[in-house]
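J.: I would like the atomic coordinates for the input below:
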Amino acid sequence: MIWTPISMAILGIDALALVLVLAASKTAMDVLVGWDPGAASRRQLALEVACETASIQARAGTALLFLSTLMFLVAICNVFPKIVPGAMCGTGVMNAAGGWGGRALFFRLVALGLLLLWREMEKIDRVLPDSPLALVDSRLLPVALPPLSLSFHATFRAFSGMDIQQPVDCCAVVYDAVRPAGESSAFARVPGEFWVAACLGGAILLITIGLWLWKRKALPSRRATAVIALLCLGWAVAASIALVRVLAAYYYQVLNHHCPWCLFLKEHNLAGYPLFGSLFFAVFESTVAFAASATGRLYPTVKGPCVARIASAGLRMAAAIAFFVLLSGLPAISWRLKYGVWMGY
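T.: Purely as a prediction, here's the structure:
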């Protein structure tokens, strides 16, 4: 078990976020049953007041989940490696947590993405006084409850199940992955140059698309924005692989160290936080563009706000991708200018 001030703070904040989102979701279910925007009854007025309270609760829960997720990453990458025997970075800590650490992080990101998406839809809804998207928001908010609950459970299991007495494998498992036996897999045989080319090519394409969305100032089709969102998700996967397999070496100054967690260490300027954060942000903004496009076509009264949000989503997506490319590529370019060759050649 690993009970420290930061682990207890994370669980406490998670519990508070879960309670707030649960209370807001209860109001959302009441809205789905009794919402009647054209009525002036006492029930409708009470629902409108309750909606305001639920909005504050859900926004507070979202902020708390974001805070606890950031604290979770700091704990895994920068605090617990000093406590878990044999751990040098988050890889060792995740090994000590079994499979629960990875599940906790996955469910956290899913819950955070859903809550942030709900928040964006609510912002569009608040542009008009009659709340045309009240039912949409009320359907979306409870969807975040299952992954939020699972993230709390997985985080508790990860913390309570960590063995701080038994030494763990850390980056040794990373080096094991590049031994000849591992290189026999089809995935491992894909050259790193392919992933770098996919990352750069996809970045150029998506930046162009993002700027097109920004300048177009019109409502694109749902199919087009769905394709953009899927392209951005695929690019994020390729960019992550390119970062870990090729570009991270220029941060580490050593080859064949395919460890994403080491990027979060102070020795490497905590680069993992902005690098992987920009990937999450780009995928999120592409998802917002799709949600806004679908909403604008289903509810013509909010077409204008949806068009404006899609434009800003395109610009933000392009900016996040450009930021990732610059931050991940500058160390490689600096190495090339300094030594005249790429690392490993």
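J.: residues touching Leu64, list them.
T.: Contact analysis of Leu64 by Cβ atoms under 8 Å, 6 or more residues apart in numbering lists 13-14, 16-17, 20. For glycine as for every other residue, the C-beta is placed from the backbone atoms N, C-alpha and C.
J.: Any figure for the gap between it and Trp235?
T.: Using Cβ to Cβ, to the nearest Å, we find Leu64 at a distance of 30 Å from Trp235.
J.: As a quick check, tell me the outermost residue of this protein.
T.: The outermost residue of the chain, judged by C-alpha distance from the chain's mean C-alpha position using Cα atoms, centre = their mean, is Ser41 at 41.5 Å.
J.: shouldn't Ala239 be in contact with Ala203?
T.: Yes: contact between Ala239 and Ala203 holds when scored by Cβ atoms under 8 Å: they sit 7.4 Å apart.
J.: For these two, work out which one has more neighbours and name it.
T.: Applying other Cβ atoms under 10 Å to Ala239 and Ala203 shows that Ala239 carries more neighbours, namely 28 against 21.
J.: What count of nearby residues applies to Trp323?
T.: I think there's a mix-up here, since residue 323 is Phe and not Trp. So Phe323, with other Cβ under 10 Å, has 16 neighbours.
J.: I'd like the numbering to begin with 676 instead of 1 from here.
T.: Got it, the first residue is 676 from now on, which makes the last one we talked about Phe998.
J.: Spit out the residues that contact Ala914 and Ala878 alike.
T.: Residues touching both Ala914 and Ala878 comprise Phe999, with contact defined as Cβ under 8 Å, 6+ apart.
J.: sec struct for Leu930, please.
T.: State at Leu930, reduced to three classes by DSSP: H, G, I helix; E, B strand; the rest coil: coil.
J.: Let me know the pLDDT of it.
T.: pLDDT, Leu930: 80.
J.: right, and Val706 touches Leu810 too?
T.: Yes: with contact defined as Cβ under 8 Å, Val706 and Leu810 form a contacting pair (6.9 Å).
J.: So for those two, which sits in the more crowded spot?
T.: Val706 (21 against 16).
J.: Work out for me the element the more buried one sits within.
T.: Using DSSP states H and E, the element containing Val706 is helix 680-709.
J.: Based on its surroundings, how many neighbours for the nearest residue to Leu820 once chain neighbours are set aside?
T.: For Leu820, the nearest residue in space outside its immediate sequence neighbours is Ser700; the separation is 5.5 Å by Cβ to Cβ, 6 or more residues apart in numbering. Ser700 has 21 neighbours, counted by other Cβ under 10 Å.
J.: Kind regards, and thank you for your time.
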